[in-house]
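Student: Quick one: sequence plus predicted model below, questions after.
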Amino acid sequence: MTTFLYKPHVMNARKEVTTPDIIIDQLIIVDESAIERLPIQRVNSHESLQSAFDPIKLTPVYLLTAVGGGVLFGSGVLVCGVGQARVTADCAVSRQAWRLRHLADHFDKLRLAVQLEQSTGRPQRVEQHSASLPEPKELLQRAGGHDEDLPRGLMLACPCSDLTVDASAPASCEFLVEDTRLDRRLKQELHLVPADFDSWTERPLPRYTVGPVDEVEHYI
């Protein structure tokens, strides 16, 4: 079975942080019109991604993750080429998360923003109010969950399509979710580099061997 080990820093309403280990074996892109499954090996928690596409389409998502004690709310970004299907995307997920139940009475008051900075030009910023997003309860039900529960091993990626931006690598992107009611924020930074970029001006040969160089006595 192919899996992704998700290790979020979960902040509760009192701003206390725990870091559970969560095995994810299915990531489902779900919105009001479609349900699509993304191969789990495309999910990562990297802060830097290489891309062979130009231009690149960045679609922020909010994440709903199954875990004991209630669903987690987090953020991520779908990264694919402009004109490519969403199922070809990489999904970079933030390691910051909140409990969904702590957002139940003010989910529609969350503020979301994306800031894109290219290597040249002025930063581009777009914002969206979460009232325009599908309610988590509806999406949980479409994926086989109910209320604030979700079957084990699932992570839902709910696109914030109005925040989609196009970019050309190299570029940096910041995705911010602000909870003004509890005075906290989720912040994710993602750096994009071209796949053919080489940080070495001259790539040397390896200098060290790995492991023992003399004969090793075996005991088995």
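Tutor: Arrived safely, thanks for sending. Numbering: from 1, shown residues only.
Student: Please, where are all the helices along the protein?
Tutor: All helices of the chain, identified by DSSP state H, fall at 136-142.
Student: can you tell me which residue is nearest the centre of it?
Tutor: Centroid-nearest residue in the chain, with Cα atoms, centre = their mean: Val93, separated by 1.9 Å.
Student: okay, and the helix or strand of this protein with the least pLDDT?
Tutor: Ranked by mean pLDDT, DSSP states H and E, the helix or strand of the chain with the weakest confidence is strand 124-129, at a mean of 74.
Student: Now do the buried residues in that one.
Tutor: Residues of strand 124-129 classed as buried: Gln128 (neighbour count, 16 or more other Cβ atoms under 10 Å). Using the backbone N, CA and C atoms, a C-beta is placed for each residue, glycine as well.
Student: Now do that strand: distance to the chain's middle.
Tutor: 18 Å (Cα atoms, centre = their mean, to the nearest Å).
Student: Outside of that strand itself, which residues are in contact with it?
Tutor: Contacts to strand 124-129, defined as Cβ atoms under 8 Å, 6 or more residues apart in numbering, come from residues 108, 110-118, 160, 162-163, 165.
Student: Starting from it, tell me which strands it pairs with and how they run.
Tutor: strand 111-118 (antiparallel) (DSSP bridges).
Student: then the partner strand to PDB, C-alphas only?
Tutor: Extracted in PDB, the C-alpha atoms of strand 111-118 (Å, rounded to 0.1, in the frame of the first residue of the first chain):
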ATOM      1  CA  ARG A 111      -9.900  35.000   5.700                       C
ATOM      2  CA  LEU A 112      -7.700  33.500   3.000                       C
ATOM      3  CA  ALA A 113      -5.000  35.200   0.900                       C
ATOM      4  CA  VAL A 114      -2.300  34.200  -1.600                       C
ATOM      5  CA  GLN A 115       0.700  36.300  -2.300                       C
ATOM      6  CA  LEU A 116       2.900  35.400  -5.400                       C
ATOM      7  CA  GLU A 117       6.300  36.900  -5.900                       C
ATOM      8  CA  GLN A 118       8.100  36.300  -9.200                       C
END
